[in-house]
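S.K.: Provide a 3D model corresponding to the input given below.
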Amino acid sequence: MRLNRRHNGAHHAVLTQAAAGELESQTLYFEQDDNDQAVDGMTRDDLERHQVWIYVVAIVCGLAAGSFVGELAPLFEALLWPLLATLLYATFVQVPLLHLREAFRDKRYLLAALLGNFVLIPLLVWLALPLLPDDPALHLGVMLVLLVPCTDWFITFTQLGRGSTARAIAITPVNLLLQLLLLPFYIWLFMPASELDAGRLTMSMLPAALTLIVLPLLLAGLTEAWIAPLKERAMWREKLAWWPVPLLAAVVFLIAGAQVGTVISAGPALLSVLPVFITFLLLAALMARGLTCWLQLPMETGRTLAFTMGTRNSFVVLPLALALPAGWETTVVVIVFQSLIELFGMTFYLWWIPQRLFKTTITD
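M.R.: Now for the predicted structure:
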């Protein structure tokens with residue numbers, strides 16, 4: 001499909017339908033069909049719809065545990081790392097890492113996603129940083145969490161928001177690999193040398209990046225290679241798809257319990273980033289609408305673009321933030337806070353995106 005804005009209407013429709021059909025057939029293997037399978041009366045859809053409240057309860061319980069039983073903090077910190085590694089492994093298994101080429105079947109959507117996630121969003125973050133208090137840890141937290149597009153619940157919200165699940169699945173390995181490659185460059189580019197002790201921070205984050213990101217990523221790739229030959233093995237991916245929500249709840253519980261003092265003292269800082277995170281959600285969707293018009297994408301594809309630009313990969317960068325030296329604890333709190341704001345924002349997206357901003361018309 002050529003990247004050309006002057007398509008004949010009927011020919012464009014045929015090409016779009018053909019590309020969509022190809023994408024659906026190629027990515028069907030990664031669609032999780034166990035959402036309707038209930039465990040003790042709950043489906044995975046139910047779990048994912050209510051996940052924001054699960055995380056809020058987990059944080060409140062963690063703060064209570066850390067406040068009343070302060071000696072638990074070392075235990076919480078020790079449990080945090082293996083839980084994070086397991087969470088990232090379960091998340092990466094859902095990404096079609098060995099099917100990278102599927103993302104290139106719809107070239108206009110790929111172009112829109114790359115421009116949105118890796119050009120426009122970084123530009124938006126760069127413009128937002130001067131509006132924040134002069135706190136390097138706060139700036140780093142905002143950068144870490146807003147510069148990495150989501151590769152997990154973005155697919156769920158795309159489905160709920162009447163987007164193209166096939167395209168959402170196809171773009172995830174591109175988003176994941178590019179964010180891991182470009183994040184160090186963005187941090188170096190956006191953060192002044194006076195605020196960033198590059199050598200010290202790199203030495204702190206490198207072990208976490210290798211053990212908690214690269215290793216789970218490699219294991220997920222091996223798992224996908226093991227699953228691929230036999231359809232019966234897909235049940236393991238389906239079972240692992242239930243893990244991220246309870247694991248992330250356990251992670252935020254441990255973070256709140258281990259860093260209760262930091263969470264409480266970071267209150268003013270969190271209030272300062274709240275308008276930035278809310279504005280980000282609004283502008284990300286509006287930029288997606290602009291790209292959809294410019295590249296003449298179907299409304300369904302435009303909704304998918306809005307969800308990939310509006311959701312961020314908060315828990316993938318959590319290991320990097322947790323590995324920072326003393327004095328940078330606010331970075332962790334900012335990342336967790338953004339994930340909660342985002343989840344509340346997704347409830348607004350699920351109304352705004354399909355019913356207002358990307359409303360289907362008779363001519364679409």
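
S.K.: can we go C-alpha only for contacts and neighbour counts from here?
M.R.: Fine.

S.K.: show me the contacts for residue 47.
M.R.: Contacts here follow C-alpha atoms under 8 Å, 6 or more residues apart in numbering; on that basis residue 47 touches residue 245.

S.K.: and it, how far is that from residue 343?
M.R.: As for residue 47, its distance to residue 343 is 13 Å (criterion: C-alpha to C-alpha, to the nearest Å).

S.K.: now residue 76
M.R.: As for residue 76, its distance to residue 343 is 25 Å (criterion: C-alpha to C-alpha).

S.K.: quick one: low-confidence parts of the stretch 151-300 of the chain?
M.R.: Scanning the stretch 151-300 of the chain for pLDDT under 70 picks out the ranges 193-204.

S.K.: how about a cut-off of 80?
M.R.: Screening the stretch 151-300 of the chain residue by residue with the criterion pLDDT under 80, one finds the ranges 192-210.

S.K.: helices along that one, start to end?
M.R.: Using DSSP state H, counting those that start in this stretch, the helices of the stretch 151-300 of the chain run over residues 153-160, 165-190, 198-209, 215-227, 234-240, 244-258, 260-265, 267-294, 299-310.

S.K.: report the buried residues of stretch 267-280.
M.R.: 269, 270, 273, 276, 277, 280 (16 or more other C-alpha atoms under 10 Å).

S.K.: meant to ask about stretch 213-224
M.R.: Taking 16+ other C-alpha under 10 Å as the basis for neighbour counts, the residues of stretch 213-224 that come out buried are 213, 214, 215, 216, 217, 220, 221, 223, 224.

S.K.: so which of those comes closest to residue 137?
M.R.: Proximity of the buried residues of stretch 213-224 to residue 137 was ranked by C-alpha to C-alpha; the top entry is residue 213 with 21.3 Å.

S.K.: quick check: that closest one touching residue 315?
M.R.: No. In terms of C-alpha atoms under 8 Å, residue 213 does not count as a neighbour of residue 315; the distance is 10.4 Å.

S.K.: possible to save the helices of the stretch 151-300 of the chain as a markdown table with distance to residue 122?
M.R.: Formatted as a markdown table, these follow (distance: least, C-alpha to C-alpha, whole Å):
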| stretch | distance to residue 122 |
| --- | --- |
| helix 153-160 | 19 |
| helix 165-190 | 8 |
| helix 198-209 | 20 |
| helix 215-227 | 24 |
| helix 234-240 | 32 |
| helix 244-258 | 26 |
| helix 260-265 | 27 |
| helix 267-294 | 11 |
| helix 299-310 | 11 |
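
S.K.: check the gap between the closest residue to residue 159 other than its chain neighbours and residue 155 for me.
M.R.: In space, residue 159 comes closest to residue 165 once its chain neighbours are excluded; the distance is 5.5 Å by C-alpha to C-alpha, 6 or more residues apart in numbering. Counting by C-alpha to C-alpha, the gap between residue 165 and residue 155 amounts to 6 Å.
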